[in-house]
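Colleague: When you get a sec, could you give me coordinates for this:
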Amino acid sequence: MDSATKDEANAAMGEMVMAGFQKLGFIQFTGIEGVHYAPGRNVVRMAARPEHFNHNGDIHAALLFGLAETAAMGASISGIVDLLGDTFIVARDGRIEYLARAKGEAGPFSATAELTPETIAETRANIESRTEIELEVPVTIADVTGKPVARAAFTAVIRPRRK
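Modeller: Numbering: from 1, shown residues only. Next comes the predicted model:
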């Protein structure tokens, strides 16, 4: 498969994943949208709306956490989409470190989650052998200038689906 065909396939897969996410009320409230999707990488974006601000005019911390979790869970399935019928995936935990103010006028804010090819290969092997895996997915949230405003990590638990 050539590079252009791979890019088109990744874009189509990203649209499918985001279409599933966008059925969720929280995603609808936040306005999170997909930006880039490829095996091992998921980038999502959220434009600030007045209802997203805290008392300081910054994006509410809970929304930044949700943006990061959306990126992480998208990345956790990015290299295993063809195996999703055999798996149950859930976020077990998450943590976030706020690095700078997420001022509303500095948006939209993007969350980028990335996994290594080795991590994807190990995840696929575990799914195929029906072995549960816990996968830490790192995320960086940046403002429109690319300045990091938060760093996060989520644990995705991937289990064999019960038959």
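
Colleague: mind listing the strands for this protein?
Modeller: In order along the chain, the chain carries the following strands (DSSP state E): 33-38, 41-46, 87-98, 109-114, 133-142, 148-160.

Colleague: What pLDDT does the model give Phe29?
Modeller: The predicted local distance difference test score for Phe29 is 78.

Colleague: returning to what we had before: make JSON lines out of the strands of the chain and add distance to Ile59, mean pLDDT and mean neighbour count.
Modeller: In this view, the C-beta of every residue, glycine as well, is placed from N, C-alpha and C. As requested, those are exported to JSON lines (distance: least, Cβ to Cβ, whole Å; pLDDT from 0 to 100; neighbours: other Cβ atoms under 10 Å):
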{"stretch": "strand 33-38", "distance to Ile59": "15", "mean pLDDT": "87", "mean neighbour count": "18"}
{"stretch": "strand 41-46", "distance to Ile59": "8", "mean pLDDT": "93", "mean neighbour count": "24"}
{"stretch": "strand 87-98", "distance to Ile59": "10", "mean pLDDT": "94", "mean neighbour count": "14"}
{"stretch": "strand 109-114", "distance to Ile59": "6", "mean pLDDT": "97", "mean neighbour count": "23"}
{"stretch": "strand 133-142", "distance to Ile59": "9", "mean pLDDT": "96", "mean neighbour count": "20"}
{"stretch": "strand 148-160", "distance to Ile59": "8", "mean pLDDT": "95", "mean neighbour count": "19"}
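
Colleague: At the geometric centre of the protein, which residue sits there?
Modeller: The centre of the chain sits closest to Ala71, judged by Cα atoms, centre = their mean, with a distance of 1.2 Å.
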